[in-house]
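[1] Please work out how this folds:
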Amino acid sequence: QEDADAVGLSLLSGAHLTLVPKVIEGLRAEGLDDVLVVVGGIIPEPDIPVLQQGGVDLVFTPGAPLPAIVEQLAAALDKREEAARQS
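    Down below sits the predicted model:
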């Protein structure tokens, strides 16, 4: 979608440490530094900080309650919008 506020990736293959950095690299190459990157799927706990250090904003694993996902996503988007207004 044009002018997307967020990109969500659902990965069940175990290839998250390979695929997610490529997506983030593509976003950055296009100047889309302000797009929120959200990853969900089967993500081992030790990999979550690695993804976050690589630019992932939110990570959700199986069993994450939908209300919590919505709340965290809305808060992250609000925070990003506020930062954009102040710059």
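
[2] Low-confidence stretches in the chain?
    In the prediction, the chain carries residues with pLDDT under 70 at positions 1.

[3] all helices for it, in order.
    Along the chain, counting by DSSP state H, helices occupy 16-29, 47-53, 66-86.

[4] Which strands and helices lie in contact with the longest one?
    Yep, that's helix 66-86 we're talking about. Under the contact criterion of 3 or more Cβ pairs under 8 Å, 6 or more residues apart in numbering; DSSP states H and E, helix 66-86 touches strand 36-41, strand 58-60. For glycine as for every other residue, the C-beta is placed from the backbone atoms N, C-alpha and C.

[5] sorry, back to before: format the helices of the chain as a markdown table; extra columns: distance to Val59 and mean neighbour count.
    What follows is the helices of the chain, written out as a markdown table (distance: least, Cβ to Cβ, whole Å; neighbours: other Cβ atoms under 10 Å):
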| stretch | distance to Val59 | mean neighbour count |
| --- | --- | --- |
| helix 16-29 | 9 | 15 |
| helix 47-53 | 5 | 14 |
| helix 66-86 | 10 | 11 |
